[in-house]
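Novice: Only the shape, not the letters, is given here:
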């Protein structure tokens, strides 16, 4: 399977931007360029099974892209930076044209990135269907002990 040459990207944020651009354009080569080549990468689409490995991930996006890209925009991103990795919790707004006009839906996604020999790469994308209620975050107030 031919892979697009990968250019090292400086951060998990760079990879995330490339991921959403590839998703919106329906560009499978660009999509796979953001993913690690590791056999244990995984992807879960809303309501779907866990897909493990580059072949399974590619096949799923190939199927999605047969109808063009997906207009998904990250609305709120919360980041947890780790040594050699990052976890992004994302509220995605997905827009689609229906017979009733433009419609928006929400998806809750977790994107996990690892710093590899090739630079930062995605190793997990797990998306779940959301509802308009997910557009509102419930954030616990921080507590500081003095």
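Specialist: Cool, got the structure. This one's a predicted model, so the numbers in the text were calculated from it and none came from an experiment.
Novice: Please work out the average pLDDT along the helix or strand harbouring residue 17.
Specialist: Using DSSP states H and E, residue 17 falls within helix 12-25. Across helix 12-25, the average pLDDT comes to 96.
Novice: So which elements touch that helix?
Specialist: On a contact count with 3 or more C-beta pairs under 8 Å, 6 or more residues apart in numbering; DSSP states H and E, helix 12-25 meets helix 28-34, strand 71-82, strand 85-98, strand 101-116, strand 119-129. For glycine as for every other residue, the C-beta is placed from the backbone atoms N, C-alpha and C.
Novice: and of the ones you listed, who's closest to residue 61?
Specialist: Nearest to residue 61, of all those, is helix 28-34, at 5.2 Å by C-beta to C-beta.
Novice: before we move on, back to that, mind checking which of the helices and strands packed on helix 12-25 is nearest residue 45?
Specialist: Among these, strand 119-129 sits nearest to residue 45 (C-beta to C-beta), with 5.9 Å.
Novice: residues of the closest one that come out buried?
Specialist: 120-125, 127 (16 or more other C-beta atoms under 10 Å).
Novice: Kindly reformat those residues as TSV and extend each row with pLDDT.
Specialist: Output for the buried residues of strand 119-129, formatted as TSV (pLDDT from 0 to 100):
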residue	pLDDT
120	95
121	97
122	98
123	98
124	98
125	98
127	95
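Novice: just for this structure, where's the confidence low?
Specialist: 1-9, 97-99, 132-146 (pLDDT under 70).
Novice: switch the cut-off to 80
Specialist: For the chain, applying pLDDT under 80 flags the ranges 1-10, 96-103, 131-146.
Novice: Residue 131 and residue 46, how far apart?
Specialist: From residue 131 over to residue 46 the distance is 12 Å, taken as C-beta to C-beta, to the nearest Å.
Novice: now the buried residues of strand 119-129 as CSV including distance to residue 31?
Specialist: Output for the buried residues of strand 119-129, formatted as CSV (distance: C-beta to C-beta, whole Å):
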residue, distance to residue 31
120, 15
121, 12
122, 9
123, 14
124, 14
125, 10
127, 14
